[in-house]
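A.B. asks: model this:
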Amino acid sequence: MRDTNIRKVGRKVKALSMIALMILPISFFKAQQRFAPDTFKQWYQLGNISVSDYGKYSYFIRKYDDRKRDAVLLNNVTGEKIVSGLAVKSGFGRDFFIALDSNGVLDVINLKNEKRLKIDQVKDFYISENSNSCYLLMNDGQLNMMKADQLKYVQIAKNIGRLEISSDKKWMLAMSDQSSLLIELETGIRRNLGLVDKSNFVRWNLISSTAKFDILITTGNNYKMVTYDKNGILIKEIDVKNPGKEYRLTGFTDSGQLIAIRSRSAKKLQDSIEVWKTDDLALGANLNKREGQSFDALIIAPVKKTTVSFPYTEGVTDVMLVFGDQYLLEVMAYANENFTDEHLIPGIRLKNLSSGVVEFSVQRSPSYIPTKTGKLFYFEGKDWWMYDPVLKVKRNLTAEIDDQFFSYNRQNIKSTLPIGDLHFSEDQQTAYVTGKNNIWKMDTGTGRFTNLTQSKDKNISFGILNRSSELIEKMKWTEFNTIKEDWLLIKTLHQDQLQEGLIVVRNKKITVIEGPQIIQIDNVVIEDNCISYTIENSRLPQELKMYDLKKKKLKSVYSSNESNLTSMALPASDLIYFTDKHGNETYTAVILPPDYDPAKKYPAIVRVYENTASSVKKFLSPSFYNQPGFNRSLVAMDGYIVIMPRIFYQINKPGESALEAVEDAVNKTAEKYSIDRNRLGIIGESFGGFEVNYIIANTKMFRAAVSGVSLSDITASYFSMSKKYLRPDIWRYTDQSFRFSGNFYELKDVYIKQNPVFHADRIDTPLLIWTGKEDNHVDWEQSVAMFIALKGLAKPAELILFPKDGHALQRPSNQIQATIKIGEWFNKYLKK
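C.D. replies: Here you go, the predicted model:
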């Protein structure tokens with residue numbers, strides 16, 4: 001009975017599918033023209049882009065299976081659609097929508113009457129919502145202002161080559177060859193700035209408290225800082241000497257000083273003799289790459305005519321001026337590098353710039369936020385902490401709170417990371433803290449906590465969906481998760497990894513938008529007064545929904561692929577719940593052919609990778625464009641039952657755990673559905689590929705197997721350097737998927753027992769191996785190693801190496817070929 005949510009959401013799909021069934025003939029994977037890759041080109045996925053305030057209109061794209069795209073402006077009240085090509089930039093004003101395509105054609109739509117205007121030769125635009133207007137920069141440099149409700153525009157400047165928007169989004173600087181216009185966006189008032197033009201402009205800085213602007217410009221080989229007020233009156237100008245020595249001025253500090261950066265260069269290793277030492281902070285290749293990302297810095301005070309140098313310091317991987325430029329926050333990414341942790345946990349320290357003394361340091365802190373309130377929030381051990389540089393005291397913020405704020409690694413033995421990032425209100429007087437069982441509101445001044453979600457269910461976790469984006473600048477901390485809304489949008493997730501929900505917390509009140517059910521919630525877009533998102537599950541293609549925060553009403557505004565559902569019968573899905581021999585309550589997902597007949601015996605394919613069963617909450621249309629070369633819907637429509645197990649892992653037994661889960665999944669499926677045990681196949685990629693390799697070396701239950709981008713020689717991998725991360729792959733085994741409790745020298749027997757290539761002589765199942773020739777996540781030579789082992793043993797195996805592709809196939813031609821060849825492989829051995 002626990003899968004009723006899937007059936008409930010799927011009733012609509014079932015009804016549509018019964019209108020006109022079209023059972024596609026077998027086999028897709030034979031060279032039949034009718035089932036070419038474009039057979040399913042009409043199926044599409046939604047990309048939710050934006051929504052108008054109050055939710056009357058939605059703008060989304062449809063990504064078709066044949067890689068084509070279109071865009072839809074949808075009236076959520078009437079259901080009317082305006083379909084167009086893709087825009088390179090788009091947005092909603094208060095009463096209008098505007099989209100610019102790659103050919104410079106601007107499409108403007110009045111949302112009150114849906115009148116439409118197209119304007120050619122547009123280079124860029126900027127929307128001022130408060131004034132319900134839009135500024136258009138034309139290819140010829142003409143700057144126009146358009147009152148969108150009138151669909152008319154007037155010229156306000158000529159020869160404009162560049163637009164800049166202030167950090168508070170209230171001002172625009174429009175620059176020509178000779179001068180600039182300072183435009184107040186809300187009123188449209190314009191002031192001429194005679195000293196600033198597009199060729200000499202470097203950066204500007206809004207001084208919010210005084211409504212003044214510091215603007216850095218070039219003057220020959222030197223610089224000048226000019227200050228204007230909001231009326232365009234020049235207040236002062238200060239000459240700034242060029243710092244020289246390859247330094248370039250890049251911006252302003254929080255206190256109005258200037259930042260100059262000199263980038264450093266990595267060595268060209270192909271021409272160098274390298275010397276690696278065991279007491280190095282990291283592998284030589286990694287250190288060299290980091291060297292190329294590092295820089296020397298100067299902080300220049302234009303008024304005082306002083307310069308402070310911040311040369312690169314070995315071991316310090318990032319530096320930021322914080323707390324009104326009184327402190328330097330130094331980050332040491334390699335402070336705790338031991339190759340056994342999945343994540344580099346840096347050390348941090350605060351240096352007083354006046355005294356040059358390091359006043360505070362943390363040996364291990366995966367998350368740290370120097371706030372504008374002058375306090376450092378950081379995570380250490382199992383808790384969130386706060387350090388006050390004025391009082392020189394630190395405080396554990398969460399130790400007394402009845403919740404867990406840290407996450408364990410996959411072995412459940414070591415805490416490494418916080419469960420969630422800190423989120424802040426715009427004034428940073430409030431922080432939102434994610435615990436294992438609740439979301440908490442914290443007063444950053446007093447440290448007082450309030451439980452916002454009030455959950456008693458230990459099976460439910462929460463995640464904040466409100467998001468903000470800030471420009472990242474060197475020497476400045478800008479990475480705040482700022483929540484501008486006075487409410488929180490929170491996704492709920494059951495520990496079964498199936499049931500998702502959506503709630504809003506506002507004024508300590510909880511409103512349930514989507515109750516827990518087996519769906520995937522995605523494509524979330526937030527506006528001041530509404531929330532837009534999609535839901536889906538295995539039987540329901542994406543449905544776009546809209547929630548009105550003021551009216552507290554939820555509405556379905558668009559159901560994708562409706563016509564496709566009426567013309568094609570799709571696979572059915574089921575969840576089989578049971579308790580395994582270790583006492584774990586678990587489940588297996590089953591995908592059935594559209595014309596499933598219990599009187600027939602069906603070949604079955606098991607798909608493995610940790611918990612593939614949870615993917616049943618996502619809709620998957622049939623397609624030949626698949627990154628892993630496998631599409632469960634396509635395979636089921638070809639007459640297979642697809643079995644997707646959930647694997648619970650025992651420490652030091654990743655292979656055995658996978659084998660037990662697969663055997664349970666097959667047995668439970670066979671009890672309910674008609675599978676032919678003599679025609680079983682198995683497929684997995686990446687870690688799932690390792691699981692396939694291990695399983696077929698330890699059981700004879702499968703007649704065919706496919707292993708993609710897989711690990712086959714774990715000891716070789718353990719003692720190698722990842723080309724992607726430039727770190728040893730040791731952490732994969734000690735802190736990630738393999739769940740080993742120690743290193744190789746502590747657990748030699750375990751590593752050897754789990755190593756598939758060492759036991760290739762026990763493999764009799766025909767194995768298809770594939771990888772991308774440019775895979776740098778799992779070295780492609782791992783696949784070659786398994787093939788060499790099987791070839792040397794005269795075992796049935798094939799190896800496919802896809803060109804110009806990596807760990808996940810991205811090239812459409814490779815995706816098609818992988819899907820076809822994998823299908824042919826299974827058909828060869830399972831349909832005889």
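
A.B. asks: so Asp761, which of the three states?
C.D. replies: Under DSSP: H, G, I helix; E, B strand; the rest coil, the three-state class of Asp761 is helix.

A.B. asks: if I pick the closest residue to Pro756 other than its chain neighbours, what's in contact with it?
C.D. replies: Of all residues not flanking Pro756 in the chain, Asn693 sits nearest, at 3.5 Å (C-beta to C-beta, 6 or more residues apart in numbering). In this view, the C-beta of every residue, glycine as well, is placed from N, C-alpha and C. Residues near Asn693 by C-beta atoms under 8 Å, 6 or more residues apart in numbering: 707, 710-712, 756-757, 767, 786.

A.B. asks: Could you verify that Asn693 is part of a helix?
C.D. replies: Yes. Applying three-state DSSP, one finds Asn693 inside a helix.

A.B. asks: measure it to Pro654 for me?
C.D. replies: Look at Asn693 and Pro654: by C-beta to C-beta, to the nearest Å, they are 11 Å apart.

A.B. asks: swap in Met146?
C.D. replies: Separation of Met146 from Pro654 (C-beta to C-beta): 61 Å.

A.B. asks: got it, and Leu544?
C.D. replies: Here Leu544 is placed at a distance of 40 Å from Pro654 (C-beta to C-beta).

A.B. asks: what does Leu768 give?
C.D. replies: 22 Å.

A.B. asks: in which helix or strand would I find Glu359?
C.D. replies: strand 358-362 (DSSP states H and E).

A.B. asks: And Ser309, by the same measure?
C.D. replies: For Ser309, the host element (DSSP H and E) is strand 306-310.

A.B. asks: Could you identify the helix or strand that succeeds that strand?
C.D. replies: Sequence order places strand 318-322 as the next helix or strand after strand 306-310, per DSSP H and E.

A.B. asks: now what about that next one, what contacts it?
C.D. replies: The contact list for strand 318-322 (C-beta under 8 Å, 6+ apart) reads 253-254, 297, 299, 310, 327-331, 333, 350, 370, 376, 475-477.

A.B. asks: Adjacent strands (with direction) for it?
C.D. replies: strand 327-332 (antiparallel), strand 475-476 (parallel) (DSSP bridges).

A.B. asks: Would you single out the least confident of those?
C.D. replies: Per-segment mean pLDDT for the strands paired with strand 318-322 reaches its minimum on strand 475-476, at a mean of 85.

A.B. asks: Run through who's touching it.
C.D. replies: Outside strand 475-476, the residues that touch it by C-beta under 8 Å, 6+ apart are 251, 253-254, 259, 261, 297, 299, 310, 319-321.

A.B. asks: Please identify which pair of those lies farthest apart.
C.D. replies: Using C-beta to C-beta, these span at most 16.5 Å, a distance reached by Asp254 and Ile261.

A.B. asks: The nearest residue to Leu397 once chain neighbours are set aside: what's it in contact with?
C.D. replies: Residue nearest to Leu397 in three dimensions, not counting chain neighbours: Trp384, with 4.6 Å by C-beta to C-beta, 6+ apart. Contacts for Trp384 (C-beta under 8 Å, 6+ apart) come out as 377-378, 396-398, 405, 418, 422, 433.

A.B. asks: Stretch 175-186: end-to-end distance?
C.D. replies: In terms of C-alpha to C-alpha, to the nearest Å, the two terminal residues of stretch 175-186 are separated by 19 Å.

A.B. asks: buried residues in it?
C.D. replies: Within stretch 175-186, the residues scored as buried using 16 or more other C-beta atoms under 10 Å are 175-176, 179-185.

A.B. asks: which ones among these are found in strands?
C.D. replies: Those of these mapping onto strands are 175-176, 180-184, per DSSP state E.

A.B. asks: Out of these, which two are the most distant from each other?
C.D. replies: Maximum pairwise distance among those (C-beta to C-beta): 18.3 Å, between Ser176 and Glu184.

A.B. asks: sorry, back to before: need the buried residues of stretch 175-186 in a markdown table with distance to Ser361 and pLDDT, can you?
C.D. replies: Shown next, in a markdown table, are those (distance: C-beta to C-beta, whole Å; pLDDT from 0 to 100):
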| residue | distance to Ser361 | pLDDT |
| --- | --- | --- |
| Met175 | 44 | 96 |
| Ser176 | 50 | 95 |
| Ser179 | 50 | 93 |
| Ser180 | 45 | 95 |
| Leu181 | 48 | 95 |
| Leu182 | 44 | 95 |
| Ile183 | 46 | 94 |
| Glu184 | 46 | 92 |
| Leu185 | 44 | 90 |
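
A.B. asks: What is the nearest of the residues you listed to Lys723?
C.D. replies: For those, the residue nearest Lys723 by C-beta to C-beta is Met175; the value is 44.1 Å.

A.B. asks: If you drop the residues flanking it in sequence, what lies closest to that closest one?
C.D. replies: Computed as C-beta to C-beta, 6+ apart, the closest residue to Met175 that is not its neighbour in sequence is Lys198, at 3.8 Å.

A.B. asks: Also Ser90?
C.D. replies: Spatial nearest neighbour of Ser90, excluding adjacent residues (C-beta to C-beta, 6+ apart): Ala99 at 4.0 Å.

A.B. asks: Please tell me how far that neighbour sits from Val88.
C.D. replies: Taking C-beta to C-beta, one finds Ala99 at 9 Å from Val88.

A.B. asks: neighbour-wise, which of these two wins?
C.D. replies: Taking neighbours as other C-beta atoms under 10 Å, Ala99 and Val88 compare with Ala99 leading, 23 against 11.

A.B. asks: Does anything pack onto the helix or strand that one falls within? Which helices or strands?
C.D. replies: Secondary structure assigned from DSSP H and E places Ala99 in strand 96-100. Applying 3 or more C-beta pairs under 8 Å, 6 or more residues apart in numbering; DSSP states H and E, one finds that strand 96-100 contacts strand 57-64, strand 69-75, strand 89-92, strand 106-110, strand 122-128.
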